[in-house]
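>>> only geometry, no sequence info:
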């Protein structure tokens, strides 16, 4: 008879042994993981132009079509990827423009479309579902003359040695590693047999519960040892990886979704295809289904799919005058890849090419919430993605252009003025670093009207000539602020830029945008030297009739005599100025009092912050040592910057903001300081709307 106590003891010993082995495995591969983290985007960039990343489109079009209700009147702009979703939209009747900056993805999508047009259904299915590459090579000479030059060049190079479409591309290679190597190693190859024999969903779930321990091990390996490797070959760049950094179990959640929320063995062709190495007639994308083949051929022959090599911005700029506007922009997850200025640039040109009444923007994200402020201004709604068969995205969004009063408008990506050379920047940097020592000997600052003003004038007067070119190297959140500045579609805006200095922020806005959308702009600062430069800049832009220069202390009660009336301002900005204002609470109160009430006014703060949001929100409380290190580092940063009268923004100040406004955005990111690579403070952007 089996001794239950002995059995439990053996089970505990086996778990301990497994944990020991996995622990040492983690130690051994840590250097490789660190290397992947450093070289991630560089390695991924090497794939572009050499091969395609996605052998299939990793977004479930069933969710898209449920939201879009496409018909013959729709014109869809989307990312080409593997072409699967673009073809799915064509099935619905829409005209589709599919864009990709990887020529190899365009080559794959083009070949699929061409085979639909030129081959029989049986041949098409045999090639793309069942990996009959011999058949494709036999038909290639017939197809080649219809391919574009770049696509023909790609297939000339790769087709002779290609063995499978399912395991092609970097994501296909990853699928092969996981399904053909890792699953058998963990004793999970029974999953392949379940898919091959189309077992019922209930039977598969029961089998998963029996093998729960192996599945947890698979998830642990995926979330630790293979996470960076998987993200790299799945086409997930570093910026997108960071959006899920607060979740320690990303792949575990995906695995849970696949097992319990989808029918892996019968309808989930994404993972099922990788497990058995091919599609079947009952488990494949819609473009491979026989009932859609003739309609697809007819639509493709009518020119309903257009492929464009380049970025979405390039594609929009290439749209000829008078072209039918886009009614849907299906942006997949690619905006996860981009910083705020790039998102803003894309939205500005994209929205200008869309139908403003029917237009809808649709995107997926690895983040739990809207991840970029320009997207938030679109007033998006979270999509119910129940039934999604992929589960790799943690939120899905749709925005109707008619639902927002904020207009995405172009900004100046490159600001005017020559860039200071290395020696001049080094000279300015030395002035900044040595200012606390030299302050007592500098005979400047007396022209300012207040003690704080004199201190700031002393700091800035001897570095004003190269102030902008040097500071732009480390005021990283300023472009975030200005590219995300909300501009009301109705126009007539009033903007107060507190601590606006040289009016450099103004140059982010083209003069025609200033004239069309603003009735008054106030640049306020305490430094006469910087404001002298601001006056010259405003004159050069030709907007002196709209922009007023004010020298005053923003915390003084008398400042309101020189500002627009309280409750009349659309937006107040503080770009790296709040950290230099001694009385920060009063500055926040004054800013809030200027804003239009009831959510019609916005306060934007770009500055140095004492802590990252991950510490403040305690999103990963298990990393106690890292939290302690972050706080020690923050203490050092606070002491260092305080020498130059810069006092990093702490949470009590943001609590003050919340007393008077409602915070709607808070993002922070570590970035460097010129010539001081060891110094990487946290920069942040906070936006709040009036109450």
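That came in fine, so what should we check first? What you are looking at is a predicted structure, and each value in this text was computed from that prediction instead of being measured. Numbers count the residues shown, from 1 in each chain.

>>> And residue 229, what's its pLDDT?
Note on residue 229: pLDDT of 80.

>>> Which elements pack onto the helix or strand hosting it?
Using DSSP states H and E, residue 229 sits within helix 227-233. Counting contacts by 3 or more C-beta pairs under 8 Å, 6 or more residues apart in numbering; DSSP states H and E, helix 227-233 is packed against helix 4-47, helix 169-176, helix 238-243, helix 250-261. (Glycine included, C-beta is placed from N, CA and C.)

>>> Out of those, which gets the lowest mean score?
helix 4-47 (a mean of 58).

>>> pLDDT on the next helix or strand after it, on average?
Counting by DSSP H and E, the next helix or strand C-terminal to helix 4-47 is helix 61-68. The predicted model assigns helix 61-68 a mean pLDDT of 96.

>>> And stretch 665-680, by the same measure?
For stretch 665-680, the mean pLDDT works out to 82.

>>> how far does it sit from the chain's center?
19 Å (C-alpha atoms, centre = their mean, to the nearest Å).

>>> So residue 387 versus residue 66, what's the distance?
In this view, residue 387 and residue 66 are 8 Å apart by C-beta to C-beta, to the nearest Å.

>>> same deal with residue 496?
For residue 496, the distance to residue 66 - C-beta to C-beta - is 45 Å.

>>> so where's this protein shaky on pLDDT?
1-38, 416-472, 613-624, 626, 675 (pLDDT under 70).

>>> Do a quick rundown of the strands in it.
Under the criterion DSSP state E, strands of the chain are mapped to 75-79, 95-100, 305-309, 328-330, 360-365, 381-382, 395-400, 493-498, 518-525, 547-551, 571-575, 602-609, 661-670, 682-690.

>>> List the neighbouring strands of the second one plus their orientation.
Read it as strand 95-100. strand 75-79 (parallel), strand 305-309 (parallel) (DSSP bridges).

>>> To residue 126, which of these lies closest?
When the strands paired with strand 95-100 are compared by C-beta to C-beta, strand 305-309 sits nearest residue 126, at 22.0 Å.

>>> For that closest one, buried residues please.
Residues 305, 307-309 are the ones in strand 305-309 that count as buried (16 or more other C-beta atoms under 10 Å).

>>> Can you tell me which of the residues you listed is closest to residue 681?
The shortest approach to residue 681 among those belongs to residue 309, at 40.0 Å (C-beta to C-beta).

>>> where's the closest one relative to residue 154, distance?
The value you get for residue 309 to residue 154, if C-beta to C-beta is used, is 11 Å.

>>> same check, this time on residue 631
For residue 631 relative to residue 154 (C-beta to C-beta), the value is 52 Å.

>>> Over to residue 311?
In terms of C-beta to C-beta, residue 311 sits 19 Å off from residue 154.

>>> Show me which of the two is the more surrounded one.
residue 154 (24 against 17; other C-beta atoms under 10 Å).

>>> got a list of what the closest residue in space to that one that isn't next to it in sequence touches?
Leaving aside its chain neighbours, residue 154 sits nearest to residue 107 (4.1 Å; criterion: C-beta to C-beta, 6 or more residues apart in numbering). Contact analysis of residue 107 by C-beta atoms under 8 Å, 6 or more residues apart in numbering lists 52, 147, 150-151, 154-155.

>>> Narrow the residues you listed to those in helices?
150-151, 154-155 (DSSP state H).

>>> Next, count neighbours for residue 40.
19.

>>> Now do it against residue 102, distance only.
Residue 40 is 17 Å from residue 102, by C-beta to C-beta.

>>> next one: residue 264
From residue 264 to residue 102 the distance is 29 Å (C-beta to C-beta).

>>> and the residue nearest to residue 40 when sequence neighbours are not counted, how many residues sit next to it?
Excluding the flanking residues, the one nearest residue 40 by C-beta to C-beta, 6+ apart is residue 238, at 4.8 Å. Around residue 238 there are 18 other residues, counting by other C-beta under 10 Å.

>>> looking at it, residue 238 is touching residue 43, isn't it?
No: using C-beta atoms under 8 Å, residue 238 is not in contact with residue 43; the gap is 10.5 Å.

>>> Name all residues that make contact with the nearest residue to residue 680 once chain neighbours are set aside.
Nearest residue to residue 680, sequence neighbours excluded (C-beta to C-beta, 6+ apart): residue 670, at 4.8 Å. For residue 670, the contacting residues are 612, 680-683, by C-beta under 8 Å, 6+ apart.

>>> Can you turn the buried part of the residues you listed into a ChimeraX selection?
Applying 16+ other C-beta under 10 Å to those, the buried members can be selected in ChimeraX as follows:
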select :612,681,682,683
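
>>> Pull the contacting residues for the closest residue to residue 115 other than its chain neighbours.
Spatial nearest neighbour of residue 115, excluding adjacent residues (C-beta to C-beta, 6+ apart): residue 124 at 5.0 Å. Taking C-beta under 8 Å, 6+ apart, we find residue 124 in contact with 115-116, 288, 293.

>>> picking that back up, nearest to residue 404, of the contacts of residue 670?
Of those, the one sitting nearest to residue 404 (C-beta to C-beta) turns out to be residue 683, at 27.0 Å.

>>> Could you measure from the nearest residue to that closest one once chain neighbours are set aside over to residue 554?
What sits nearest to residue 683 in space, not counting adjacent residues and going by C-beta to C-beta, 6+ apart, is residue 477, at 4.1 Å. Counting by C-beta to C-beta, the gap from residue 477 to residue 554 is 19 Å.

>>> can you check residue 92 too?
55 Å.

>>> With neighbour numbers in mind, choose between the two.
Set residue 92 next to residue 554 and count neighbours by other C-beta under 10 Å: residue 554 wins out with 25 against 20.

>>> The more buried one is in contact with residue 498, isn't it?
Yes: using C-beta under 8 Å, residue 554 is in contact with residue 498, at 5.1 Å.

>>> burial count for residue 125?
Residue 125: 20 neighbours (other C-beta under 10 Å).

>>> How about residues contacting stretch 535-544?
416, 502-504, 506-507, 511, 514-515, 521, 523, 547, 549.

>>> Nearest to residue 221, out of those: which one, please.
residue 504 (49.3 Å).

>>> from memory the closest one sits against residue 415, does it?
Yes: using C-beta under 8 Å, residue 504 is in contact with residue 415, at 6.9 Å.

>>> before we move on, back to that, contacting residues around the helix holding residue 229?
33, 36-37, 40, 43-44, 53, 170-171, 173-174, 177-178, 222, 236, 240-241, 250-251.

>>> Can you go through those residues and name the buried ones?
36, 40, 44, 53, 170-171, 173-174, 177-178, 222, 236, 240-241, 250-251.

>>> Tell me the one among those nearest to residue 691.
Distances from residue 691 to the buried ones among the contacts of helix 227-233, taken as C-beta to C-beta, are shortest for residue 240 (34.4 Å).

>>> Stretch 684-691: which residues count as buried?
Under the neighbour-count rule (16+ other C-beta under 10 Å), stretch 684-691 has 684-690 buried.

>>> and the two most separated of those?
684 and 690 (20.3 Å).

>>> what about the closest residue to residue 569 other than its chain neighbours, how many neighbours?
Leaving aside its chain neighbours, residue 569 sits nearest to residue 594 (4.2 Å; criterion: C-beta to C-beta, 6+ apart). Residue 594 has 25 neighbours, counted by other C-beta under 10 Å.

>>> Can you tell me how far residue 594 is from residue 584?
For residue 594, the distance to residue 584 (C-beta to C-beta) stands at 16 Å.

>>> got it, and residue 493?
Distance from residue 493 to residue 584, counting by C-beta to C-beta: 26 Å.

>>> buried residues in stretch 80-93?
Within stretch 80-93, the residues that qualify as buried are 80-92, counting by 16+ other C-beta under 10 Å.

>>> Narrow these to those in helices?
Per DSSP H, those map to helices at 84-91.

>>> Present these as TSV; the columns should include distance to residue 319.
TSV is the format used below for those (distance: C-beta to C-beta, whole Å):
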residue	distance to residue 319
84	24
85	21
86	17
87	22
88	23
89	18
90	19
91	24
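
>>> show me the contacts for residue 118.
By C-beta under 8 Å, 6+ apart, the neighbours of residue 118 are 139, 142-143, 146.
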